[in-house]
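Peer 1: pasting the sequence and the predicted coordinates here, then a few questions.
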Amino acid sequence: MRPFLILLAVFVSLNLFARESTPLDSGWKFMQGDPAGVAGQAMNPADPNWIDSNWQTISIPHCWGWQEAQAGKTNYYRGPGWYRRELDVTPQKDKKYFLRFEAASSVADVYLNGNFIGEHRGAFGAFCFEITTNLSATGTNLLAVRVDNTRFPDIAPLSGDFAVYGTLESI
């Protein structure tokens, strides 16, 4: 009888800490480049008040430069691009919240509600940021990611017979 009680306690304990995952693959807005300021707007698209109504609606994974590179063009766009989406999460007490990115090429700056969360440098690796303390108590949040595929001397690969697209993979 005693082993049954121990096994039951472990089972209940694991369920109390069960991980819930929500894919964030749709509902994104995208703009290639760093936008110039618009009258009456802050200069940073991470600002929740930034107007993105004229941005392209996309799903991720998303890749810019792919079509040009596949056509054999070597002068495809290398530089920043911005991604934004609403994140409807009302934080619950005693829970922790994370954003996990499968990849972003090559440098990703992540913002939540206009606040800088962190930077990831590296084109092909997954990365994660805790956002528990950055979530709005109202449940209305704005996630913004600036991805830059410019050639950086400290981020591999530096050369090869392939294009280095700008990408944002699944979150």
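Peer 2: Great, that's in hand.
Peer 1: going forward, measure contacts between C-alpha atoms and count neighbours the same way
Peer 2: Will do.
Peer 1: what's the distance between Gly114 and Gln32?
Peer 2: 19 Å (CA to CA, to the nearest Å).
Peer 1: likewise Gly72?
Peer 2: Applying CA to CA to Gly72 and Gln32 gives a distance of 20 Å.
Peer 1: if you count what's nearby, which of these two comes out ahead?
Peer 2: Neighbour count, other CA atoms under 10 Å: between Gly72 and Gln32, Gln32 has more, with 19 against 11.
Peer 1: the more buried one pairs with what?
Peer 2: Listed beta-bridge partners, Gln32: Gly81 (assigned using DSSP bridges).
Peer 1: in this structure it contacts Trp82, no?
Peer 2: Yes: at 6.3 Å, Gln32 and Trp82 qualify as touching, with contact defined as CA atoms under 8 Å.
Peer 1: which non-adjacent residue is nearest Tyr77?
Peer 2: The shortest distance from Tyr77 to any non-neighbouring residue, by CA to CA, 6 or more residues apart in numbering, is to Gly65 (5.8 Å).
Peer 1: give the contact list for Phe116.
Peer 2: By CA atoms under 8 Å, 6 or more residues apart in numbering, the contact set of Phe116 is 109-110.
Peer 1: using the three-state scheme, assign Glu68.
Peer 2: Using DSSP: H, G, I helix; E, B strand; the rest coil as the criterion, the local structure at Glu68 reads helix.
Peer 1: distance of it from Val110?
Peer 2: Where Val110 is concerned, Glu68 sits at a distance of 27 Å (CA to CA).
Peer 1: and the two? which has more neighbours close in?
Peer 2: A count of neighbours by other CA under 10 Å puts Val110 above the other of Glu68 and Val110, at 21 against 15.
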